[in-house]
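A.B. asks: sharing a sequence plus its predicted fold:
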Amino acid sequence: MRLRVEFTTEPFDLDEAPAHAVVARDVVTGAELDAVDVGPFGNTAEGDADRVLDAVTALLRESLQAGATRVSVQVNVIGEAGQGEGDAT
């Protein structure tokens, strides 16, 4: 199964990216996910369900430790893994 995660961290700082936002983005860009798109107010990434879920766990833990007071996360199923990937359903 493939998943797409969308997330934002708060509080916002319009002058520079706060530490919690940088940490969350670093987690996702380092997680070997596909179609990673980072922006000032929202971030998305896609990939294998296990990798996405592991990345979500890490970004929650690490961004909260770095000072985030709120993390908004949405996870959507976008398809099945290719043959030989993931669990067969």
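C.D. replies: Now that the structure is in, tell me what you want to look at. Numbers count the residues shown, from 1 in each chain.
A.B. asks: can you give me the strands for the chain?
C.D. replies: Counting by DSSP state E, the chain has strands at residues 2-10, 34-38, 43-48, 70-79.
A.B. asks: any stretches of the protein with poor pLDDT?
C.D. replies: 81-89 (pLDDT under 70).
A.B. asks: I'd like the strands of the chain as CSV, with distance to residue 22 and mean neighbour count appended.
C.D. replies: Just so you know, the C-beta spots here come from the backbone N, C-alpha and C atoms, and that holds for glycine as well. CSV is the format used below for the strands of the chain (distance: least, Cβ to Cβ, whole Å; neighbours: other Cβ atoms under 10 Å):
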stretch, distance to residue 22, mean neighbour count
strand 2-10, 9, 20
strand 34-38, 10, 13
strand 43-48, 11, 20
strand 70-79, 14, 12
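A.B. asks: can I get those strands in JSON lines including distance to residue 58?
C.D. replies: Compiled in JSON lines, the strands of the chain are given as follows (distance: least, Cβ to Cβ, whole Å):
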{"stretch": "strand 2-10", "distance to residue 58": "12"}
{"stretch": "strand 34-38", "distance to residue 58": "14"}
{"stretch": "strand 43-48", "distance to residue 58": "12"}
{"stretch": "strand 70-79", "distance to residue 58": "12"}
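A.B. asks: which one of those strands lies closest to residue 20?
C.D. replies: In this view, these are compared for proximity to residue 20 by Cβ to Cβ, and strand 2-10 is the closest at 4.9 Å.
A.B. asks: okay, angle between the closest one and strand 70-79 too, please.
C.D. replies: For strand 2-10 and strand 70-79, the angle between their directions (axes from the mean of the first three to the mean of the last three Cα atoms, to 10 degrees) works out to 170 degrees.
A.B. asks: tilt between strand 2-10 and strand 43-48?
C.D. replies: Orientation of strand 2-10 against strand 43-48 (the same axes, to 10 degrees) gives an angle of 150 degrees.
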